[in-house]
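1. predicted model and sequence below, questions to follow.
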Amino acid sequence: MPELPEVETVRRDLEARVIGRTITSCFVSEDAPRLVQLITRESFCESLTGRTIVGLRRRGKYLIVDLDDERAWVIHRRMSGNILYRTPDDPPDEWVRASFGLDDGQELRWTDLRKFGTMWLVEDATMVMESLGPEPLEAEFTPVVLRARARKRSIPIKSLLLDQTVVAGIGNLYGDEALWYAQVHPLRPANKLKPDDWRRLHTGIVKALQLGIAARGSSLGSTLRDHINVDGNPGENQTTVRAYGRDGEPCYRCATLMRRIIVGGRSSVFCPKCQPAPRGTAKKMAVKRKSKGKLHAKPAA
Ligand SMILES: [Zn+2]
(Lines give C-alpha, C1' and ligand atoms only; values in the text may rest on other atoms or scores of the structure.)
Protein backbone atom coordinates (compact mmCIF):
# COMPACT_ATOMS: atom_id res chain seq x y z
CA MET A 1 0.00 0.00 0.00
CA PRO A 2 1.58 3.29 -1.07
CA GLU A 3 2.73 5.50 1.80
CA LEU A 4 4.71 8.75 1.85
CA PRO A 5 7.91 7.37 0.19
CA GLU A 6 5.97 5.68 -2.61
CA VAL A 7 3.94 8.81 -3.36
CA GLU A 8 7.02 11.04 -3.13
CA THR A 9 8.94 8.81 -5.56
CA VAL A 10 6.16 9.11 -8.12
CA ARG A 11 5.92 12.87 -7.54
CA ARG A 12 9.63 13.33 -8.25
CA ASP A 13 9.54 11.13 -11.34
CA LEU A 14 6.51 12.91 -12.75
CA GLU A 15 7.88 16.36 -11.95
CA ALA A 16 10.77 15.69 -14.29
CA ARG A 17 8.44 14.56 -17.07
CA VAL A 18 5.12 16.38 -17.08
CA ILE A 19 5.61 19.96 -15.86
CA GLY A 20 4.61 22.27 -18.72
CA ARG A 21 2.74 19.52 -20.55
CA THR A 22 -0.86 20.06 -21.63
CA ILE A 23 -3.44 17.31 -21.13
CA THR A 24 -4.89 16.57 -24.58
CA SER A 25 -7.24 13.68 -23.75
CA CYS A 26 -8.86 12.05 -20.76
CA PHE A 27 -10.48 8.67 -20.32
CA VAL A 28 -12.02 7.26 -17.13
CA SER A 29 -13.34 3.71 -17.27
CA GLU A 30 -16.93 2.91 -16.36
CA ASP A 31 -15.69 0.08 -14.17
CA ALA A 32 -14.08 2.57 -11.77
CA PRO A 33 -17.20 4.29 -10.43
CA ARG A 34 -15.49 5.57 -7.27
CA LEU A 35 -12.37 6.95 -8.92
CA VAL A 36 -13.63 10.48 -9.62
CA GLN A 37 -15.08 12.14 -6.55
CA LEU A 38 -17.62 15.00 -6.27
CA ILE A 39 -18.24 15.41 -10.03
CA THR A 40 -19.13 13.11 -12.92
CA ARG A 41 -16.49 11.34 -15.00
CA GLU A 42 -17.62 13.38 -18.01
CA SER A 43 -17.28 16.70 -16.28
CA PHE A 44 -13.92 15.66 -14.78
CA CYS A 45 -12.54 14.82 -18.23
CA GLU A 46 -14.01 17.92 -19.81
CA SER A 47 -12.40 20.17 -17.20
CA LEU A 48 -9.04 18.42 -17.30
CA THR A 49 -8.64 18.36 -21.08
CA GLY A 50 -6.70 21.39 -22.37
CA ARG A 51 -5.19 22.22 -18.99
CA THR A 52 -1.43 22.57 -18.56
CA ILE A 53 0.36 21.00 -15.60
CA VAL A 54 2.26 23.70 -13.71
CA GLY A 55 3.32 21.92 -10.52
CA LEU A 56 3.42 18.69 -8.56
CA ARG A 57 3.14 18.64 -4.80
CA ARG A 58 2.66 16.01 -2.14
CA ARG A 59 0.92 16.25 1.21
CA GLY A 60 0.93 13.08 3.30
CA LYS A 61 -0.13 10.32 0.90
CA TYR A 62 -1.88 12.75 -1.46
CA LEU A 63 -0.38 13.73 -4.81
CA ILE A 64 -1.43 17.19 -5.99
CA VAL A 65 -1.14 18.17 -9.65
CA ASP A 66 -1.42 21.94 -10.01
CA LEU A 67 -3.11 23.13 -13.21
CA ASP A 68 -2.87 26.41 -15.11
CA ASP A 69 -6.46 27.37 -14.24
CA GLU A 70 -5.44 27.37 -10.57
CA ARG A 71 -7.32 24.20 -9.90
CA ALA A 72 -5.75 21.14 -8.31
CA TRP A 73 -6.02 17.57 -9.53
CA VAL A 74 -5.72 15.65 -6.27
CA ILE A 75 -4.87 11.94 -6.37
CA HIS A 76 -4.92 9.38 -3.54
CA ARG A 77 -3.52 5.98 -4.48
CA ARG A 78 -5.12 4.16 -1.50
CA MET A 79 -4.41 0.40 -1.72
CA SER A 80 -3.01 -0.14 -5.19
CA GLY A 81 -3.34 2.94 -7.43
CA ASN A 82 -0.34 3.51 -9.71
CA ILE A 83 0.51 6.16 -12.30
CA LEU A 84 2.51 4.97 -15.29
CA TYR A 85 4.25 7.23 -17.80
CA ARG A 86 3.97 5.53 -21.16
CA THR A 87 3.93 6.09 -24.90
CA PRO A 88 0.75 4.96 -26.64
CA ASP A 89 2.79 2.26 -28.43
CA ASP A 90 3.88 0.66 -25.15
CA PRO A 91 2.25 -2.73 -24.45
CA PRO A 92 -1.05 -2.51 -22.60
CA ASP A 93 -0.91 -2.49 -18.79
CA GLU A 94 -3.15 -4.50 -16.51
CA TRP A 95 -5.97 -2.84 -14.56
CA VAL A 96 -5.94 0.49 -16.42
CA ARG A 97 -8.90 2.48 -15.03
CA ALA A 98 -8.04 5.85 -16.58
CA SER A 99 -5.60 7.42 -19.02
CA PHE A 100 -4.49 10.95 -19.85
CA GLY A 101 -2.84 11.97 -23.13
CA LEU A 102 -0.12 14.64 -23.08
CA ASP A 103 0.83 17.12 -25.81
CA ASP A 104 4.29 15.54 -26.26
CA GLY A 105 2.68 12.29 -27.36
CA GLN A 106 3.19 10.51 -24.03
CA GLU A 107 0.39 9.33 -21.77
CA LEU A 108 -0.31 8.76 -18.10
CA ARG A 109 -2.05 5.48 -17.30
CA TRP A 110 -3.84 5.04 -13.98
CA THR A 111 -3.82 1.37 -12.99
CA ASP A 112 -5.60 0.15 -9.89
CA LEU A 113 -6.11 -3.54 -9.17
CA ARG A 114 -8.35 -3.00 -6.15
CA LYS A 115 -10.09 0.18 -7.36
CA PHE A 116 -9.94 2.10 -4.08
CA GLY A 117 -7.94 5.00 -5.55
CA THR A 118 -9.61 8.40 -5.72
CA MET A 119 -9.20 11.66 -7.67
CA TRP A 120 -10.67 15.11 -7.29
CA LEU A 121 -10.60 18.30 -9.32
CA VAL A 122 -10.92 21.20 -6.90
CA GLU A 123 -9.97 24.83 -6.40
CA ASP A 124 -8.30 24.18 -3.08
CA ALA A 125 -6.61 20.82 -2.45
CA THR A 126 -7.05 21.06 1.31
CA MET A 127 -10.84 20.92 0.79
CA VAL A 128 -10.71 17.20 0.09
CA MET A 129 -8.06 16.13 2.60
CA GLU A 130 -8.67 15.22 6.20
CA SER A 131 -6.94 17.60 8.60
CA LEU A 132 -3.43 16.27 8.23
CA GLY A 133 -0.66 16.39 10.81
CA PRO A 134 2.80 17.78 10.06
CA GLU A 135 4.94 16.54 7.18
CA PRO A 136 7.47 14.21 8.82
CA LEU A 137 10.37 15.22 6.56
CA GLU A 138 9.90 18.96 7.03
CA ALA A 139 11.57 21.09 9.69
CA GLU A 140 8.18 21.65 11.38
CA PHE A 141 8.26 18.02 12.55
CA THR A 142 10.24 17.68 15.77
CA PRO A 143 10.17 15.25 18.73
CA VAL A 144 8.41 17.98 20.74
CA VAL A 145 5.73 18.45 18.07
CA LEU A 146 5.18 14.69 17.83
CA ARG A 147 4.91 14.34 21.60
CA ALA A 148 2.52 17.29 21.87
CA ARG A 149 0.18 15.80 19.26
CA ALA A 150 0.12 12.47 21.12
CA ARG A 151 -0.51 13.99 24.53
CA LYS A 152 -3.22 12.29 26.57
CA ARG A 153 -3.76 9.64 23.88
CA SER A 154 -3.63 6.23 25.57
CA ILE A 155 -3.89 4.23 22.30
CA PRO A 156 -0.97 1.98 21.27
CA ILE A 157 1.86 3.98 19.72
CA LYS A 158 1.58 1.96 16.49
CA SER A 159 -2.06 3.05 16.07
CA LEU A 160 -1.10 6.63 16.83
CA LEU A 161 1.54 6.64 14.08
CA LEU A 162 -1.09 5.53 11.55
CA ASP A 163 -3.37 8.45 12.51
CA GLN A 164 -2.90 10.92 9.64
CA THR A 165 -4.01 13.82 11.85
CA VAL A 166 -1.02 13.19 14.16
CA VAL A 167 1.63 12.91 11.45
CA ALA A 168 0.98 12.68 7.70
CA GLY A 169 2.06 9.91 5.36
CA ILE A 170 2.88 6.93 7.61
CA GLY A 171 1.15 3.59 7.02
CA ASN A 172 1.64 0.06 8.27
CA LEU A 173 5.04 -0.59 6.68
CA TYR A 174 6.85 2.59 7.72
CA GLY A 175 5.07 2.47 11.11
CA ASP A 176 6.68 -0.92 11.84
CA GLU A 177 10.02 0.33 10.53
CA ALA A 178 10.01 3.51 12.64
CA LEU A 179 9.19 1.56 15.82
CA TRP A 180 11.97 -0.96 15.13
CA TYR A 181 14.55 1.82 14.63
CA ALA A 182 13.27 3.54 17.79
CA GLN A 183 13.23 0.26 19.75
CA VAL A 184 9.70 0.99 20.91
CA HIS A 185 7.10 -1.80 21.28
CA PRO A 186 4.02 -1.23 19.07
CA LEU A 187 1.64 -1.73 22.01
CA ARG A 188 3.19 0.92 24.30
CA PRO A 189 0.44 3.40 25.20
CA ALA A 190 1.33 6.68 23.48
CA ASN A 191 0.89 8.73 26.64
CA LYS A 192 3.38 6.54 28.52
CA LEU A 193 6.33 7.23 26.21
CA LYS A 194 9.26 9.09 27.79
CA PRO A 195 10.95 12.14 26.18
CA ASP A 196 13.82 9.92 25.09
CA ASP A 197 11.38 7.48 23.43
CA TRP A 198 9.91 10.38 21.45
CA ARG A 199 13.37 11.48 20.34
CA ARG A 200 14.21 7.98 19.12
CA LEU A 201 10.82 7.60 17.49
CA HIS A 202 11.20 10.90 15.65
CA THR A 203 14.61 9.78 14.39
CA GLY A 204 13.17 6.37 13.46
CA ILE A 205 10.31 7.89 11.45
CA VAL A 206 12.63 10.18 9.50
CA LYS A 207 15.14 7.39 8.87
CA ALA A 208 12.54 4.85 7.71
CA LEU A 209 10.92 7.33 5.32
CA GLN A 210 14.22 8.61 3.92
CA LEU A 211 15.43 5.05 3.26
CA GLY A 212 12.10 4.33 1.55
CA ILE A 213 12.49 7.30 -0.76
CA ALA A 214 16.14 6.50 -1.49
CA ALA A 215 15.08 2.98 -2.52
CA ARG A 216 12.24 4.33 -4.69
CA GLY A 217 9.56 2.88 -2.45
CA SER A 218 8.60 -0.56 -1.22
CA SER A 219 7.17 -3.28 -3.44
CA LEU A 220 7.03 -6.33 -1.21
CA GLY A 221 5.72 -9.87 -1.38
CA SER A 222 1.98 -10.03 -1.95
CA THR A 223 1.84 -6.24 -2.23
CA LEU A 224 4.31 -6.24 -5.12
CA ARG A 225 1.64 -4.90 -7.44
CA ASP A 226 0.50 -2.22 -5.00
CA HIS A 227 3.43 0.03 -5.75
CA ILE A 228 5.16 0.35 -9.08
CA ASN A 229 6.92 3.47 -10.23
CA VAL A 230 6.06 5.58 -13.27
CA ASP A 231 8.40 3.46 -15.42
CA GLY A 232 6.49 0.31 -14.42
CA ASN A 233 9.33 -1.02 -12.24
CA PRO A 234 8.96 -1.93 -8.56
CA GLY A 235 10.74 -0.05 -5.76
CA GLU A 236 13.70 -1.60 -4.00
CA ASN A 237 13.03 -0.92 -0.35
CA GLN A 238 12.80 -4.65 0.33
CA THR A 239 16.58 -4.50 0.75
CA THR A 240 16.33 -2.01 3.62
CA VAL A 241 13.15 -3.13 5.42
CA ARG A 242 14.01 -4.17 8.97
CA ALA A 243 10.67 -5.15 10.51
CA TYR A 244 7.67 -5.14 8.17
CA GLY A 245 6.79 -8.63 6.95
CA ARG A 246 9.80 -10.22 8.74
CA ASP A 247 7.79 -12.32 11.22
CA GLY A 248 9.89 -15.34 12.25
CA GLU A 249 13.09 -13.97 10.73
CA PRO A 250 16.08 -12.89 12.85
CA CYS A 251 16.27 -9.28 14.04
CA TYR A 252 18.97 -7.31 12.21
CA ARG A 253 20.16 -5.90 15.55
CA CYS A 254 20.13 -8.87 17.95
CA ALA A 255 19.17 -11.98 15.88
CA THR A 256 16.13 -12.70 18.08
CA LEU A 257 13.25 -14.01 15.97
CA MET A 258 10.83 -11.23 15.03
CA ARG A 259 7.20 -11.58 16.12
CA ARG A 260 3.88 -10.53 14.67
CA ILE A 261 0.90 -9.24 16.63
CA ILE A 262 -2.31 -7.43 15.69
CA VAL A 263 -2.52 -3.83 16.86
CA GLY A 264 -5.71 -1.92 16.13
CA GLY A 265 -6.68 -4.50 13.51
CA ARG A 266 -3.36 -4.16 11.66
CA SER A 267 -0.48 -6.58 11.58
CA SER A 268 2.66 -5.42 13.43
CA VAL A 269 6.07 -7.04 13.34
CA PHE A 270 8.61 -6.24 16.05
CA CYS A 271 11.64 -7.65 17.87
CA PRO A 272 10.60 -8.96 21.31
CA LYS A 273 14.09 -8.22 22.67
CA CYS A 274 14.95 -4.81 21.19
CA GLN A 275 11.38 -3.54 21.54
CA PRO A 276 10.44 -4.55 25.10
CA ALA A 277 6.73 -4.99 25.82
CA PRO A 278 5.05 -2.49 28.12
CA ARG A 279 4.66 -3.72 31.68
CA GLY A 280 1.89 -6.30 32.01
CA THR A 281 1.71 -7.14 28.30
CA ALA A 282 4.02 -10.16 28.40
CA LYS A 283 2.06 -11.62 31.31
CA LYS A 284 -1.29 -11.07 29.59
CA MET A 285 -0.01 -12.62 26.37
CA ALA A 286 1.37 -15.67 28.26
CA VAL A 287 -2.02 -16.25 29.91
CA LYS A 288 -3.73 -16.01 26.53
CA ARG A 289 -1.35 -18.52 24.93
CA LYS A 290 -1.71 -20.92 27.89
CA SER A 291 -5.50 -20.84 28.00
CA LYS A 292 -5.68 -21.36 24.24
CA GLY A 293 -3.91 -24.71 24.52
CA LYS A 294 -5.86 -26.08 27.51
CA LEU A 295 -9.35 -27.40 27.39
CA HIS A 296 -10.21 -26.55 30.99
CA ALA A 297 -8.04 -23.46 31.46
CA LYS A 298 -9.04 -21.17 34.28
CA PRO A 299 -10.26 -17.84 32.93
CA ALA A 300 -7.61 -15.15 33.13
CA ALA A 301 -8.10 -13.03 36.23
ZN1 LIG B 1 16.32 -7.29 18.16
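-> That came in fine, so what should we check first?
2. from here on, just use CA atoms for contacts and neighbour counts.
-> Noted.
3. enumerate the positions of the helix ranked longest in the chain that are buried.
-> Under DSSP state H, the helix in the chain containing the largest number of residues is helix 195-214. For helix 195-214, a neighbour-count test (16 or more other CA atoms under 10 Å) marks 197-213 as buried.
4. quick check: residue 182 touching residue 201?
-> Yes: counting by CA atoms under 8 Å, residue 182 touches residue 201, with 4.7 Å between them.
5. and residue 173, which of the three is it?
-> helix (DSSP: H, G, I helix; E, B strand; the rest coil).
6. what's it in contact with, if anything?
-> By CA atoms under 8 Å, 6 or more residues apart in numbering, residue 173 lies in contact with residue 244.
7. how near is it to residue 244?
-> Distance check for residue 173 against residue 244: by CA to CA, to the nearest Å, it reads 5 Å.
8. show me where the chain has helices.
-> Using DSSP H, the helices assigned to the chain run over residues 4-18, 41-48, 143-150, 157-162, 172-182, 195-214, 281-293.
9. I'd like the distance between residue 115 and the ion.
-> For residue 115, the distance to the ion equals 37 Å [CA to the ion, to the nearest Å].
10. and the pLDDT for the nearest residue to that residue once chain neighbours are set aside?
-> Leaving aside its sequence neighbours, residue 115 sits nearest to residue 32 (CA to CA, 6 or more residues apart in numbering; 6.4 Å). pLDDT, residue 32: 94.
11. so how far is residue 84 from residue 32?
-> 17 Å.
12. who has more neighbours out of these two?
-> Legend: neighbour count by other CA atoms under 10 Å for residue 32 and residue 84, higher for residue 84 (21 against 18).
13. surely the more buried one and residue 227 touch.
-> No: counting by CA under 8 Å, residue 84 stays clear of residue 227, with 10.8 Å between them.
14. how many neighbours does residue 142 have?
-> Residue 142 is flanked by 17 other residues according to other CA under 10 Å.
15. which ones are touching it?
-> Here residue 142 is in contact with residue 202 (criterion: CA under 8 Å, 6+ apart).
16. give me the distance between it and residue 116.
-> Taken as CA to CA, the span from residue 142 to residue 116 is 32 Å.
17. can you check residue 171 too?
-> Residue 171 is 16 Å from residue 116, by CA to CA.
18. same question for residue 69.
-> Counting by CA to CA - residue 69 and residue 116 are separated by 27 Å.
19. between the two, tell me which one has more neighbours.
-> The neighbour comparison of residue 69 against residue 116 (other CA under 10 Å) goes to residue 116, with 16 against 13.
20. pLDDT at the more buried one, what is it?
-> The confidence metric pLDDT takes the value 95 at residue 116.
21. residue 283 too?
-> pLDDT at residue 283 comes out at 53.
22. and for residue 143?
-> pLDDT, read off for residue 143, is 96.
23. from the ion, how far out is it?
-> Plainly put, residue 143 is 23 Å away from the ion if you go by CA to the ion.
24. do residue 166 as well
-> 27 Å.
25. and what of residue 240?
-> When distance is defined by CA to the ion, residue 240 is 15 Å away from the ion.
26. contacts only, for that residue.
-> Applying CA under 8 Å, 6+ apart, the residues near residue 240 are 211, 212.
27. near the ion, which residues of the protein?
-> 251, 253, 254, 271, 274 (CA under 5 Å from the ion).
28. now with 6 Å?
-> 251, 253, 254, 255, 256, 271, 273, 274 (CA under 6 Å from the ion).
29. most neighbours among those residues, which one?
-> Most surrounded of the residues of the chain next to the ion: other CA under 10 Å gives residue 271, at 30 neighbours.
30. who's in contact with that residue?
-> Shown in contact with residue 271 (CA under 8 Å, 6+ apart): 180, 243, 251, 256, 257, 258, 259.
31. just residue 262 next, same as before
-> Residue 262 neighbours (CA under 8 Å, 6+ apart): residue 268.
32. okay, and the beta partners of it?
-> Residue 262 has these beta-bridge partners by DSSP bridges: residue 267.
33. how much space between it and the ion?
-> Remark: distance between residue 262 and the ion (CA to the ion) = 19 Å.
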